[in-house]
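Chemist: Sequence and computational prediction follow.
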Amino acid sequence: MDPAPSPIRTICCIGAGYVGGPTMAVIADRCPGIQVTVVDLNAERIAAWNDPDLSRLPVYEPGLDAVVGRARGRNLHFTTEVDAAIAAADMVFLSVNTPTKTRGVGAGQASDLRWIEASARQVAASARGHTIVVEKSTLPVRTAETVKAILGAAQQNRPEGDRRQAKTFAVLSNPEFLAEGTAIGDLEAPDRVLIGGEDTAAIESLAGIYATWVPQDRILRTNLWSSELSKLTANAFLAQRISSINSIAALCEATGADVREVGRAIGTDSRIGAKFLQAGPGFGGSCFQKDILNLVYLCRHYGLDEEAGYWEQVVTLNTWQQDRIARMVVQRLFGTVTGKRLALLGFAFKADTNDTREAPAIRICQNLIEEGARLVIVDPKVSVSQIVTDLGQPPSDADGGWQAASSPLEAASGADAVLILTEWRDYATLDWGAIAAVMRRPAWLFDARAIADAAAARAAGLNVWRVGEG
Ligand SMILES: NC(=O)C1=CN([C@@H]2O[C@H](COP(=O)(O)OP(=O)(O)OC[C@H]3O[C@@H](n4cnc5c(N)ncnc54)[C@H](O)[C@@H]3O)[C@@H](O)[C@H]2O)C=CC1
Ligand SMILES: O=C(O)[C@H]1O[C@H](OP(=O)(O)OP(=O)(O)OC[C@H]2O[C@@H](n3ccc(=O)[nH]c3=O)[C@H](O)[C@@H]2O)[C@H](O)[C@@H](O)[C@@H]1O
């Protein structure tokens, strides 16, 4: 008979980022009987999570402020006291960053696991009694072996009769599938919760937490390796759809078809489904490229070179889409944008987030800056300092420079073109008459999200390119 799952009374989450913060906030909000402490080495980030002004949380997610407001101070805590929080926890989530390696073996493809290793070592050193360690970060398949080796080295199996609490561990994989901008909805009503492990009691302890608000038929249980690989595979399949529809978008533009019509026609096939078929400037975000390249690395590591090439093409085409759009802008503006003012609407990698990690706007801006354009960038949620970091240069009104503007109308003043790179809802209702009136003619709208009112823009005298429209 498997041991009954031990009730979880205290949780520690290592990593107060885009995943750790929202995930733990929802768990605390839904499980008032569990004390949840989120820890981070980044004191600034922790201070922002503790800011009394809930509009200043370090992660912008619709609905997150309400969730944090209910639980923070009651049973949700944020602190830099990592070791103390680990010592007090029955369950520790590892939700640290796992970026692509930039040096050494596997650089450019493999995941850099130094933060996972460091946090596992912190757990090994500070944990007390029996601790369930949960991999929440996206990890290469079989990383649990590393985590278990580190924890195992610290495990103390007391001799019979020794009443001191033994330090023992169970390791689970529980990858997160939330998407940014919809994190709260994704966490409160997930398509599925995936739990991988070998220790049934530990699996049921974690399943019991999610079962507080997630129906049992959506709580999937599997083995460690399948769980770790499922996360990489999910992101690879999602990103593959985007590169697939973007490749069809280019064919639509060349043949007079419309990618939105094609998307509707194929998406009504229940085997394909209608979601994730929006053509755009390519996928951004911190994870798609990272996770696919990690899959490519793993395939090559196991000698599966054909499979590695198959998945690598998803990333290759994504980069091509961003370069194609920049090239097309230059071509349509008579082959040169040197000294020309281009208004860029949207810098975040998608709407409803302030996250710019791997945003398509970064590469497209860099290409146009290389061509000598004078960019004017507008984004409702991304800070100027973040754009400075991402573009690697301060604002300048010289050729090959960029400046920020506070509105699309201000950015379009004197501009030869407006580019839409993020699908912020406001861009669907812009006043194209007013915008066209301040632009230099002949003037263009390049809508890489097909969100703008193209008829209104054309009626205002603008030339219009929309992704995927022939
Ligand atoms: N961002 C997203 O939408 C999603 C991310 N993921 C995965 O979740 C993991 C975390 O991603 P994000 O939250 O975006 O990363 P993030 O970079 O926003 O947050 C990670 C945090 O961990 C902290 N940290 C690192 N090592 C630490 C240590 N030893 N002790 C204490 N704090 C430490 C860092 O200071 C950082 O604040 C990654 O593996 C990612 O692939 C999974 C699903 C969605
Ligand atoms: O592992 C992760 O980090 C997460 O990555 C993605 O979530 P996220 O990157 O936050 O956002 P998405 O909504 O997936 O968008 C990713 C990119 O694809 C683009 N996209 C998305 C959908 C679409 O139809 N077309 C399209 O171009 C978006 O504009 C964005 O640049 C996955 O959707 C999540 O399930 C996963 O947990």
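Modeler: Now that the structure is in, tell me what you want to look at. Ligands and ions are numbered 1, 2, ... in the order given.

Chemist: tell me which element residue 69 falls in.
Modeler: Secondary structure assignment for residue 69, by DSSP states H and E: helix 64-71.

Chemist: which residue ranges form the strands in this protein?
Modeler: Here the chain has its strands, by DSSP state E, at 10-14, 35-39, 76-79, 91-94, 130-135, 168-173, 193-197, 219-222, 341-345, 374-378, 401-404, 417-420, 444-447, 463-466.

Chemist: Does the helix holding residue 69 reach ligand 1?
Modeler: No - judged by C-beta under 6 Å from any ligand atom, helix 64-71 and ligand 1 are separated, with a smallest distance of 12.8 Å. For glycine as for every other residue, the C-beta is placed from the backbone atoms N, C-alpha and C.

Chemist: before we move on, what about stretch 91-107?
Modeler: Yes - judged by C-beta under 6 Å from any ligand atom, stretch 91-107 comes into contact with ligand 1 at 95, 96, 97, 98.

Chemist: Any idea how far stretch 52-67 is from the middle of the chain?
Modeler: In terms of C-alpha atoms, centre = their mean, to the nearest Å, the centre of stretch 52-67 is found 17 Å from the chain centre.

Chemist: Quick check: residues of the stretch 251-400 of the chain near ligand 2?
Modeler: Checking the stretch 251-400 of the chain against ligand 2 by C-beta under 6 Å from any ligand atom, the hits are 276, 277, 278, 280, 283, 284, 285, 286, 287, 288, 349, 350.

Chemist: residue ranges with poor pLDDT in the stretch 51-200 of the chain?
Modeler: Nowhere does the stretch 51-200 of the chain drop to pLDDT under 70.

Chemist: Return the angle between stretch directions for the helix of greatest length in the chain and strand 168-173.
Modeler: Of all segments of type helix in the chain, defined using DSSP state H, the longest is helix 224-255. For helix 224-255 against strand 168-173, the angle by axes from the mean of the first three to the mean of the last three C-alpha atoms, to 10 degrees is 20 degrees.

Chemist: re the thing from before, generate CSV for the residues of the stretch 251-400 of the chain next to ligand 2, with neighbour count as supplementary columns.
Modeler: Listed next are those as CSV, based on neighbours: other C-beta atoms under 10 Å:
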residue, neighbour count
276, 17
277, 19
278, 20
280, 25
283, 28
284, 26
285, 24
286, 22
287, 25
288, 23
349, 27
350, 21
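
Chemist: so which one among these has the lowest pLDDT?
Modeler: Lowest pLDDT among those: residue 286, with 93.

Chemist: is it true that residue 391 touches residue 403?
Modeler: No - with contacts counted by C-beta atoms under 8 Å, residue 391 stays clear of residue 403, the gap being 11.2 Å.

Chemist: ok, those two, which is more surrounded?
Modeler: residue 391 (20 against 16; other C-beta atoms under 10 Å).

Chemist: how near is the more buried one to residue 360?
Modeler: The gap separating residue 391 from residue 360 is 13 Å, by C-beta to C-beta, to the nearest Å.

Chemist: Residue 394 too?
Modeler: Between residue 394 and residue 360 the computed distance is 22 Å (C-beta to C-beta).

Chemist: Neighbour count for these two, which is higher?
Modeler: A direct count of neighbours by other C-beta under 10 Å for residue 394 and residue 360 places residue 360 higher, at 26 against 12.

Chemist: With the flanking residues excluded, which residue is spatially nearest to that one?
Modeler: residue 281 (3.8 Å; C-beta to C-beta, 6 or more residues apart in numbering).

Chemist: Ligand 2 contacts on the stretch 101-250 of the chain?
Modeler: 138, 176, 177, 178, 179, 180, 235, 238, 242.

Chemist: residue contacts, the residue in the stretch 301-450 of the chain that ligand 2 sits nearest to?
Modeler: Relative to ligand 2, the nearest point of the stretch 301-450 of the chain is residue 350 (3.8 Å; C-beta to the nearest ligand atom). Contacts for residue 350 (C-beta atoms under 8 Å, 6 or more residues apart in numbering) come out as 180, 181, 284, 285, 422, 423.

Chemist: switch to 10 Å and redo it
Modeler: For residue 350, the contacting residues are 179-182, 280, 283-285, 359-360, 422-424, 449, by C-beta atoms under 10 Å, 6 or more residues apart in numbering.

Chemist: Then residue 369?
Modeler: Contact analysis of residue 369 by C-beta under 10 Å, 6+ apart lists 326, 337, 342, 375, 391, 392, 393, 396, 399, 400, 401, 402.

Chemist: and those residues, which are buried?
Modeler: 326, 337, 342, 375, 391, 400, 401, 402 (16 or more other C-beta atoms under 10 Å).

Chemist: quick one on the thing from earlier: write a ChimeraX command that selects only the buried members of the residues of the stretch 101-250 of the chain next to ligand 2.
Modeler: Command for ChimeraX that selects the buried part of those, burial taken from 16+ other C-beta under 10 Å:
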select :138,176,177,178,180,235,238,242
